[in-house]
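>>> sequence-free structure coming up:
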């Protein structure tokens, strides 16, 4: 049974993902008011340590236990294209370095107790790979035990580093291949001591090129209410799969899966890309509305109404869910960690013997990998966004039928506003969405401007 601790815990998706695997949580660390209330409501037995900057000393002093697994996703605003783009010059980016301090403090205590190094899991937006301050090069260098940053022209979406203190693997994974109808690409980093093989957690070996095999470019993939079709289909047939009945009501979605759910969805929904491609809208009985907090929870694999506590308004729920982790992806990683102790024979290092490390000034083994690479005997190393055995969800499954707040429906005026901005910005719009917006917008006569 693994024991774990988390920082930037949010509403604790790690707990949701790890608990079914038998993991036991020792502590969390969250300072935001609403997520802290959610943690207290669901896990009053797990102490919330508050400010993560206090943890290194508390762990060294023995006031906070050193767990087997340490996880967290330090604030992504500093790395996101939608954020400040200030990287490590932003105080929130500096929390990424604090994350390393905590990992080091944990291992210092564990080594004194002859427990061995902990397993480290870090999640972030994939934009950190392109950050102008080389935040990722700083992060993996520090995590691996190097005193100076690692540099490269471009950080790929997967790779492996053998540092003096830790081995580090990273891979971008997309939640839409883990049973959620949401395109949510996130960077996952797994690290551990020199006797630990994080590549066996994040990387996979298959007898086919997984990315090519599951390429959406080779076949028209559509999701129905119950199953996945891979054969080519006509556009009219594809359209039918997006219209369905549920609970005696008519629904229509505009994509087979949604765009990435963002934290500001509750307040900034009509000027975002989703306002034009329709991926975060649903038509219910020919009225267009935004997704409910419950539907957003389902998009992330979070239990129904997990954030519906103390009568809180929708905005903090949207924000907390949008800032959370895709639970099935974390569960997959947890399963891979557990399997390491069961299937030691799979600790095959043959891929490293066939792929040449990238030259670097630190003289460490650094492997910058692609999506899939053939290694030997017809085997492929899969480090793409798609796992060897992908699963698919559908929008039908996340739809809420009853108790939809009236304020979530788009008024005729709101519809006209979205169409006006579409024209002003000269952007493309989902044809079906534009048709419904136009119809709703015309259902209420426009008021003539008042002449003063």
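Looks like it came in fine. This one's a predicted model, so the numbers in the text were calculated from it and none came from an experiment.
>>> For the stretch 151-300 of the chain, just list every one of the strands.
Assigned by DSSP state E, counting those that start in this stretch, the stretch 151-300 of the chain shows strands spanning 158-162, 167-174, 185-192, 204-206, 222-223, 228-229, 243-246, 249-252, 281-284, 287-290.
>>> Columns mean pLDDT and mean neighbour count on top of those strands, output as CSV?
Where you see a C-beta, it was placed from the backbone N, CA and C, and this is true even at glycine. Output for the strands of the stretch 151-300 of the chain, formatted as CSV (pLDDT from 0 to 100; neighbours: other Cβ atoms under 10 Å):
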stretch, mean pLDDT, mean neighbour count
strand 158-162, 97, 24
strand 167-174, 98, 24
strand 185-192, 98, 23
strand 204-206, 92, 17
strand 222-223, 39, 20
strand 228-229, 36, 14
strand 243-246, 94, 13
strand 249-252, 96, 16
strand 281-284, 96, 22
strand 287-290, 96, 20
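>>> wait, which of these is closest to residue 367?
strand 158-162 (4.2 Å; Cβ to Cβ).
>>> relative to strand 167-174, how tilted is that closest one?
Relative orientation of strand 158-162 and strand 167-174, computed by axes from the mean of the first three to the mean of the last three Cα atoms, to 10 degrees: 170 degrees.
>>> To residue 263, which of the strands of the stretch 151-300 of the chain lies closest?
Nearest to residue 263, of these and by Cβ to Cβ, is strand 185-192 at 13.7 Å.
>>> Could you say which one of the strands of the stretch 151-300 of the chain comes nearest to residue 382?
Closest among these, once you apply Cβ to Cβ, is strand 204-206, at 4.3 Å.
>>> And stretch 292-311, what's buried?
292-302, 306-307, 309 (16 or more other Cβ atoms under 10 Å).
>>> Which one among these sits at the bottom for pLDDT?
Confidence by pLDDT is poorest for residue 309 among the buried residues of stretch 292-311, given 92.
>>> Quickly find the element holding that one.
When elements are assigned from DSSP states H and E, residue 309 belongs to no helix and no strand.
>>> quick one: the top helix by length along the chain to strand 185-192, angle?
For the chain, the longest helix by residue count, based on DSSP state H, is helix 91-112. In terms of direction (the same axes, to 10 degrees), helix 91-112 departs from strand 185-192 by 30 degrees.
>>> circling back to that earlier point, nearest to residue 357, of the strands of the stretch 151-300 of the chain?
Here strand 158-162 is closest among the strands of the stretch 151-300 of the chain (Cβ to Cβ), at 8.5 Å.
>>> just to revisit the earlier point, which of the strands of the stretch 151-300 of the chain sits closest to residue 362?
Closest among these, using Cβ to Cβ: strand 158-162, at 9.6 Å.
>>> That closest one pairs with which strands?
strand 167-174 (antiparallel), strand 365-369 (antiparallel) (DSSP bridges).
>>> Off-centre distance for it?
20 Å (Cα atoms, centre = their mean, to the nearest Å).
>>> One more: stretch 6-19?
13 Å.
>>> would you turn the strands paired with strand 158-162 into a markdown table with distance to residue 324?
Converted to a markdown table, these look like this (distance: least, Cβ to Cβ, whole Å):
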| stretch | distance to residue 324 |
| --- | --- |
| strand 167-174 | 15 |
| strand 365-369 | 28 |
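>>> now for these, which one comes closest to residue 53?
Among the strands paired with strand 158-162, if distance is taken as Cβ to Cβ, the winner is strand 167-174, at 22.9 Å.
>>> quick revisit: out of the buried residues of stretch 292-311, list just those in helices.
293-300.
>>> What is the nearest of those residues to residue 134?
Closest to residue 134, out of all of these and judged by Cβ to Cβ, is residue 300, at 30.0 Å.
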